[in-house]
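Student: A structural model of the following input is requested.
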Amino acid sequence: MFKNLTKVEILDLFKDSKYTIKNYDKESIIALEGHPCTSIGLVLKGGVDIKRFLPGDKVILISSFSVGNLFGEVITFSDVNIYPATVVSNSKSEVMFIDKYDFIDFCSNHKEILVSFLNDITNKIIELNKAVKTVSFTSIRQKIASFLLDEYTSQKSNFIKMPKTKTKLAESLGVPRPSLSREFINMKNDNLIEYTNDYVKLLDIDKLKNILIE
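Tutor: Numbering: from 1, shown residues only. Below you'll find the model as predicted:
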């Protein structure tokens, strides 16, 4: 929502609102899964990851937020104000926290922010639905194919710029990083894709779609 603003501009925008600011080192826990969510977070510096830590040291990356992004707003305004995952600082970060009622007052005085807020929530729900669908597939190839096809639809091109690193992608798909790399190699050998570190070219859309129904 505020990603095009500097920290100074964000603080000036909230100058008449009540808020607190906290600083975190890399890998610091900002909020634990299962704990109450009582305020909305706004990233002023660095970034945060939303992760689920499962038995057997398995980690699933739900989403990542950089400077200017909100987190916790959906939970704060829900009936169950409990974090469904753990919020972790992915670098030295600075986060503003604002109570939901103070945020409502802020939005009532900034109608354009309210529109952006509602649009942001809608987009996050759509992305969450995509993530749930992708993780629900059983094989690594199906998960990769689902992710690539979603990006194909979103970017409107079969030449896809990867929106996250392989490590982050592996976490978001809930698979080991080496297994993800091996499957990318297998899919390249099967003439389904070509790839570099930053881009993936989809060579056969129909075959990728068929993978999802195997």
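
Student: can you give me the helices in the chain?
Tutor: 7-13, 73-76, 100-108, 111-136, 140-155, 166-173, 177-189, 205-211 (DSSP state H).

Student: Take those and write them to a markdown table, including mean neighbour count, mean pLDDT and distance to Met1.
Tutor: (Glycine included, C-beta is placed from N, CA and C.) Formatted as a markdown table, the helices of the chain follow (neighbours: other Cβ atoms under 10 Å; pLDDT from 0 to 100; distance: least, Cβ to Cβ, whole Å):
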| stretch | mean neighbour count | mean pLDDT | distance to Met1 |
| --- | --- | --- | --- |
| helix 7-13 | 14 | 91 | 10 |
| helix 73-76 | 19 | 89 | 9 |
| helix 100-108 | 16 | 91 | 11 |
| helix 111-136 | 14 | 81 | 5 |
| helix 140-155 | 19 | 92 | 19 |
| helix 166-173 | 19 | 88 | 22 |
| helix 177-189 | 15 | 95 | 31 |
| helix 205-211 | 14 | 94 | 33 |
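
Student: Nearest to Phe65, out of the ones you listed?
Tutor: When the helices of the chain are compared by Cβ to Cβ, helix 111-136 sits nearest Phe65, at 9.7 Å.

Student: and the closest one, what other elements does it pack with?
Tutor: The helices and strands touching helix 111-136, judged by 3 or more Cβ pairs under 8 Å, 6 or more residues apart in numbering; DSSP states H and E, are strand 58-66, helix 73-76, helix 100-108, helix 140-155, helix 166-173.

Student: Can you lay out these as CSV showing distance to Asn191?
Tutor: Shown next, in CSV, are these (distance: least, Cβ to Cβ, whole Å):
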stretch, distance to Asn191
strand 58-66, 29
helix 73-76, 41
helix 100-108, 51
helix 140-155, 14
helix 166-173, 21
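
Student: And these: which comes nearest Ile82?
Tutor: Here helix 73-76 is closest among these (Cβ to Cβ), at 7.1 Å.

Student: now Gln142: how far from Ser89?
Tutor: 32 Å (Cβ to Cβ, to the nearest Å).

Student: Check the burial of the residue nearest to Asp99 when sequence neighbours are not counted by counting its neighbours.
Tutor: In space, and not counting its chain neighbours, Asp99 is closest to Ser39: 5.3 Å by Cβ to Cβ, 6 or more residues apart in numbering. Counted with other Cβ atoms under 10 Å, the neighbours of Ser39 add up to 21.

Student: so Ser39 makes contact with Phe97?
Tutor: Yes: Ser39 lies in contact with Phe97 (Cβ atoms under 8 Å); the separation is 4.4 Å.

Student: Out of the helices of the chain, the one nearest Thr20 is which?
Tutor: Judging the helices of the chain by Cβ to Cβ, what sits closest to Thr20 is helix 100-108, at 10.6 Å.

Student: residues contacting the residue most central in space within the chain?
Tutor: Nearest residue to the geometric centre of the chain (Cα atoms, centre = their mean): Ser63, 2.1 Å. With contacts defined as Cβ atoms under 8 Å, 6 or more residues apart in numbering, Ser63 is in contact with 49-50, 124, 127-128, 131.

Student: No more questions from me, cheers.
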